[in-house]
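Engineer: when you get a sec, could you give me coordinates for this:
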Amino acid sequence: MADLKVGKITHYFDKIGVAVVELTGTLSTGDTIKISGHNKEFTMPVASMQIEHEQIKDAKKGDTVGMKVDQATEEGDEVYKVS
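Structural biologist: Predicted structure coming up:
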């Protein structure tokens, strides 16, 4: 089964290693995601997500979430849910 695009990076806070993701699909903590773009790609589990500094377990299409990421990302990088 193909990876499902669930959003894109709209901002990255390099000092704290947090990416802001605008979701086009659903995402939950525990899901594995792949972040792809700007000549790099990496896969990681979603350990935690926040909306407006509140911890959440599930996010839906249209939500904008912040999440700690393993590597630097850039605006426009695409986020896929790995099946």
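Engineer: report the buried residues of the longest strand along the chain.
Structural biologist: Counting by DSSP state E, the longest strand found in the chain is strand 4-13. For strand 4-13, the buried set under the neighbour-count rule, 16 or more other Cβ atoms under 10 Å, comprises 6-9, 12. From N, CA and C alone the C-beta is placed, and that goes for glycine too.
Engineer: cool, stretch 39-57 as well?
Structural biologist: For stretch 39-57, a neighbour-count test (16+ other Cβ under 10 Å) marks 46, 49 as buried.
Engineer: just the mean pLDDT for that stretch, thanks.
Structural biologist: Stretch 39-57 carries an average pLDDT of 96.
Engineer: now it: how far from the chain's centre is it?
Structural biologist: 5 Å (Cα atoms, centre = their mean, to the nearest Å).
Engineer: kindly report the same for stretch 74-83.
Structural biologist: That offset, for stretch 74-83, works out to 6 Å (Cα atoms, centre = their mean).
Engineer: and stretch 30-42, by the same measure?
Structural biologist: Distance, centroid of stretch 30-42 to centroid of chain: 8 Å (Cα atoms, centre = their mean).
Engineer: residues in contact with it?
Structural biologist: 3, 6, 9, 19, 27, 43-46, 69-71, 73-74, 76-82 (Cβ atoms under 8 Å, 6 or more residues apart in numbering).
Engineer: what about 6 Å?
Structural biologist: 3, 43, 45-46, 71, 73-74, 76-82 (Cβ atoms under 6 Å, 6 or more residues apart in numbering).
Engineer: same thing with stretch 49-61?
Structural biologist: 23-29, 65-67.
Engineer: just the buried ones from these?
Structural biologist: In those, burial by neighbour count holds for 23-24, 27, 65-67, counting by 16+ other Cβ under 10 Å.
Engineer: what helix or strand is the nearest residue to residue 3 once chain neighbours are set aside located in?
Structural biologist: Distances taken as Cβ to Cβ, 6 or more residues apart in numbering put residue 80 closest to residue 3, at 4.0 Å, once the chain neighbours are dropped. Here residue 80 sits within strand 78-81, counting by DSSP states H and E.
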